[in-house]
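Peer 1: Below are the sequence and a predicted model; questions follow.
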Amino acid sequence: MVQVDERLKHIAFIMDGNGRWAQRRGKPREYGHRFGVETLETVNRYCQKIGLQVVTVYAFSTENWKRPKREVDTIMMLLDQYITKMTRNLKKDQVCYHFIGNLSVLSPKLQERIRQLEELSSQYSLIVNIALNYGGREEIVQCCNRLIAEGKTEITEADISRTLYTAHCCEPDLIVRTGGELRLSNFLMWQSAYSELYFTDVLWPDFSTDDVDAAITAFYSRKRRYGGVVTDADESK
């Protein structure tokens, strides 16, 4: 088990591969999403145990509505069940939940349940962001529109950063994508400007705490320059 330090505060996960995992077992795609939820719970608990401050997961993108209705309905049902479980386990898990994305398309009942969970969990320190109906480009557009509505005639980077869905937390230090694809797929486009990227062929339902350790070990092997150069002091770390 690894332990993190101040260099790694925030990991974001692109949870890819649920459908393929199920199909390889001769099951419908939605079967994989059920197991994916179990992996999410395991990973969240482990990230809390090793000392991370923020975890963000890509649960459902703005493009995912194009998937078969049966699969979308299953994902929404699992989400509803997961919210129930998270609410029930709040005192034990001690997680502060934030749902990021355009939630206006969700049913009023689901929106209210999300609002209640966020309110009830606000006292806890570990932040878990659940990206739901989320798109990075859409997020930047809504930031600009909101700033225009505020009367802004010039928009700065600081303006956008304070208006993002993730304004309540630091930007991701590490983005992990499972499932073998080598792209961000419209995830945290603004926030990921200086994130380290880690890709693995492991499908999300098979992603284990050992895989989390492997990603973190890879992160610590890299030198983050932020456009500068590595100094002798950096090399000695």
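Peer 2: Looks like it came in fine. Numbers count the residues shown, from 1 in each chain.
Peer 1: so how far is the helix or strand where residue 119 lies off the chain centroid?
Peer 2: Assigned by DSSP states H and E, residue 119 falls within helix 108-121. Helix 108-121 sits 18 Å away from the centroid of its parent chain (Cα atoms, centre = their mean, to the nearest Å).
Peer 1: got the CA coordinates for it in PDB?
Peer 2: Coordinates of each C-alpha in helix 108-121 appear next as PDB, following Å, rounded to 0.1, in the frame of the first residue of the first chain:
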ATOM      1  CA  PRO A 108     -36.600  16.700 -10.200                       C
ATOM      2  CA  LYS A 109     -36.600  13.800  -7.700                       C
ATOM      3  CA  LEU A 110     -33.100  12.800  -8.500                       C
ATOM      4  CA  GLN A 111     -31.900  16.400  -8.400                       C
ATOM      5  CA  GLU A 112     -33.400  16.800  -4.900                       C
ATOM      6  CA  ARG A 113     -31.800  13.600  -3.700                       C
ATOM      7  CA  ILE A 114     -28.400  14.800  -5.000                       C
ATOM      8  CA  ARG A 115     -28.900  18.100  -3.300                       C
ATOM      9  CA  GLN A 116     -29.700  16.500   0.000                       C
ATOM     10  CA  LEU A 117     -26.700  14.200  -0.100                       C
ATOM     11  CA  GLU A 118     -24.400  17.100  -0.900                       C
ATOM     12  CA  GLU A 119     -25.800  19.100   2.000                       C
ATOM     13  CA  LEU A 120     -25.600  16.200   4.500                       C
ATOM     14  CA  SER A 121     -22.100  15.300   3.500                       C
END
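Peer 1: list the helices and strands that helix packs on?
Peer 2: helix 69-88, strand 95-100 (3 or more Cβ pairs under 8 Å, 6 or more residues apart in numbering; DSSP states H and E). Glycine gets a C-beta too; all of them are placed from N, C-alpha and C.
Peer 1: just checking, what packs against the shortest one?
Peer 2: Read that as strand 95-100. With 3+ Cβ pairs under 8 Å, 6+ apart as the test, strand 95-100 has helix 108-121, strand 126-134 packed against it.
Peer 1: got the ones you listed as JSON lines, with mean pLDDT, mean neighbour count and distance to residue 209 columns?
Peer 2: Formatted as JSON lines, the helices and strands packed on strand 95-100 follow (pLDDT from 0 to 100; neighbours: other Cβ atoms under 10 Å; distance: least, Cβ to Cβ, whole Å):
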{"stretch": "helix 108-121", "mean pLDDT": "96", "mean neighbour count": "14", "distance to residue 209": "23"}
{"stretch": "strand 126-134", "mean pLDDT": "97", "mean neighbour count": "23", "distance to residue 209": "16"}
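Peer 1: Which one of these lies nearest to residue 58?
Peer 2: Closest of the helices and strands packed on strand 95-100 to residue 58 is strand 126-134, at 4.8 Å (criterion: Cβ to Cβ).
Peer 1: who's in contact with residue 188?
Peer 2: 12, 56, 131, 136, 166, 172, 175, 195 (Cβ atoms under 8 Å, 6 or more residues apart in numbering).
Peer 1: can you give me the helices for this structure?
Peer 2: With DSSP state H, the ranges of helices along the chain come out as 18-23, 29-49, 69-88, 90-93, 108-121, 136-149, 157-163, 209-220, 232-235.
Peer 1: buried sites along the longest one?
Peer 2: Put plainly, it is helix 29-49. Buried positions in helix 29-49, judged by neighbour count with 16 or more other Cβ atoms under 10 Å: 29-37, 39-40, 43-44, 46-48.
Peer 1: what do you get for stretch 160-174?
Peer 2: 160, 163-166, 169, 171-174.
Peer 1: Select, out of the helices of the chain, the one closest to residue 100.
Peer 2: Nearest of these (Cβ to Cβ): helix 136-149, 8.0 Å.
Peer 1: Thanks a lot, catch you later.
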